[in-house]
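> just coords:
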């Protein structure tokens with residue numbers, strides 16, 4: 001049993017995903033070193049096979065995916081030696097996938113010298129089951145271009161960035177009409193800023209604390225953070241991260257959540273500062289200050305491997321449209337927002353076949 005996967009954007013997150021499939025290929029069912037599911041339904045992580053990839057970096061185009069994931073400016077930790085995959089990285093259209101200030105660090109190809117491939121034709125030829133979107137934050141047009149390509153070529157989609165496709169009624173309907181599953185939007189890391197922030201807020205609310213305000217400041221040194229130094233590209237990111245936290249609370253309170261600075265020497269390390277202020281019994285103050293430090297890209301890959309397998313299960317079952325269960329559990333801006341405990345229960349029911357989506 002094989003899950004054929006296409007990747008859009010061969011950056012750090014793609015590097016972590018590709019390395020992870022190699023790293024865990026021999027893990028047994030009883031061992032879970034960093035995986036939420038060794039087996040997701042009938043699928044092991046080793047069943048993921050990469051069949052095509054698209055990028056705009058001239059240092060990656062034309063190379064095998066196994067080599068391209070380590071090309072500059074990628075800075076993801078190298079935790080697996082990936083063998084030749086027979087998966088060439090092809091030039092995708094640039095569109096708005098690259099902000100003007102990112103052309104140099106992304107080493108974008110010159111359209112006078114290189115022509116982008118026909119994405120729909122490539123997808124039809126390589127026949128992936130699932131396309132994983134790892135485009136940079138702010139890629140409004142590019143994300144919709146690849147979503148349309150999926151619809152035209154009969155490929156399911158996992159949307160890992162904060163461009164709203166699975167959670168948009170019009171796009172959700174398009175995928176449902178084509179009977180193609182889609183999971184999204186904006187991947188929620190395995191143990192990242194959003195999931196930790198949500199856990200703390202959920203705890204306080206359930207323990208009767210009145211939340212007065214909260215903020216989450218994130219800094220990092222990879223190209224994702226460099227890309228997000230332009231506030232214009234952050235609109236949907238802030239919406240996604242903020243609503244992921246505030247959706248757990250029945251009242252409004254002041255918030256500031258999202259990327260706050262780019263620190264080059266941190267490379268793929270992400271540091272998050274969370275502060276929550278509230279009032280507890282007797283109207284007495286409570287304050288939580290927390291610092292979280294992680295390698296950013298492997299943190300996301302730990303969830304993407306499950307999203308891919310969930311999407312393939314939906315394909316096997318002939319289910320199209322937004323996948324409510326894995327989206328609620330693995331993404332910041334899903335079509336339906338519920339608590340993480342309930343979302344995990346939904347995922348287990350989905351795996352068992354008790355829940356359609």
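Received, thanks. In this text the structure is predicted, and so the values were computed from the model without any measurement. Numbering: from 1, shown residues only.

> for this structure, which spans come out with low pLDDT?
30-31 (pLDDT under 70).

> what are the ranges of the strands in it?
3-8, 39-40, 43-44, 48-55, 89-91, 130-133, 156-159, 181-183, 210-220, 255-262, 269-279, 285-295, 321-322 (DSSP state E).

> comparing the ones you listed, which comes out most buried?
strand 181-183 (a mean of 31; mean count of other CB atoms under 10 Å). For the C-beta atoms, the positions are set from N, CA and C on the backbone; glycine is no exception.

> neighbouring contacts of it?
Applying CB atoms under 8 Å, 6 or more residues apart in numbering, the external contacts of strand 181-183 come out as 147, 150, 156-159, 165-166, 171-172, 175, 307, 310-311, 314-315, 319-323, 326-327, 330-331, 357.

> re the thing from before, let's have the strands of the chain in TSV, adding distance to residue 202.
Formatted as TSV, the strands of the chain follow (distance: least, CB to CB, whole Å):
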stretch	distance to residue 202
strand 3-8	32
strand 39-40	25
strand 43-44	30
strand 48-55	31
strand 89-91	41
strand 130-133	28
strand 156-159	25
strand 181-183	23
strand 210-220	11
strand 255-262	15
strand 269-279	11
strand 285-295	13
strand 321-322	23
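
> among these, which is nearest residue 61?
Checking these against residue 61 by CB to CB gives strand 89-91 as the closest, at 4.9 Å.

> who are the contact partners of the residue lying closest to residue 273 once chain neighbours are set aside?
Nearest non-adjacent residue to residue 273, counting by CB to CB, 6 or more residues apart in numbering: residue 217, 4.6 Å away. Contact analysis of residue 217 by CB under 8 Å, 6+ apart lists 256, 260, 261, 272, 273.

> measure the fourth one to residue 262 for me?
Computed as CB to CB, to the nearest Å, the residue 272 to residue 262 distance reads 14 Å.

> same question, the last one
Note on residue 273: its distance to residue 262, by CB to CB, is 15 Å.

> select the longest helix from this protein.
helix 296-317 (DSSP state H).

> so for that one, what gets flagged as buried?
296-315 (16 or more other CB atoms under 10 Å).

> please apply the same query to stretch 22-32.
Across stretch 22-32, burial judged by 16+ other CB under 10 Å covers 22, 23, 24, 27.

> residues in contact with the residue nearest to the second one when sequence neighbours are not counted?
Right, residue 23. Leaving aside its chain neighbours, residue 23 sits nearest to residue 80 (4.1 Å; criterion: CB to CB, 6+ apart). Neighbour list for residue 80: 19, 20, 22, 23 [criterion: CB under 8 Å, 6+ apart].

> likewise residue 101?
Residue 101 makes contact with 226, 229, 230 under the criterion CB under 8 Å, 6+ apart.

> could you redo the last one with a cut-off of 10 Å?
For residue 101, the contacting residues are 226, 227, 229, 230, by CB atoms under 10 Å, 6 or more residues apart in numbering.

> what's the burial count for the second one?
Residue 227 is surrounded by 25 other residues when neighbours are defined as other CB atoms under 10 Å.

> isn't it right up against residue 138?
Yes - with contacts counted by CB atoms under 10 Å, residue 227 reaches residue 138, the gap being 6.9 Å.

> between those two, what contacts are shared?
97, 98, 99, 102, 233, 234.

> mind checking how far residue 264 is from residue 85?
Counting by CB to CB - residue 264 and residue 85 are separated by 30 Å.

> kindly report the same for residue 312.
Noted for residue 312: a distance of 18 Å to residue 85, by CB to CB.

> how about residue 318?
29 Å.

> just residue 209 next, same as before
Taking CB to CB, one finds residue 209 at 50 Å from residue 85.

> how about residue 301?
According to CB to CB, residue 301 stands 16 Å off from residue 85.

> and what of residue 24?
16 Å.

> and for residue 11, the neighbour number?
Other residues close to residue 11 by other CB under 10 Å number 27.

> same check, this time on residue 263
12.

> would you mind measuring the gap between the ends of stretch 59-74?
From its first residue to its last, stretch 59-74 covers 11 Å (CA to CA, to the nearest Å).

> go on, stretch 331-347?
Termini of stretch 331-347 sit 13 Å apart (CA to CA).

> may I see the buried residues of it?
Buried, per 16+ other CB under 10 Å, within stretch 331-347: 331, 332, 333, 334, 335, 337, 338, 339, 343, 344, 346, 347.
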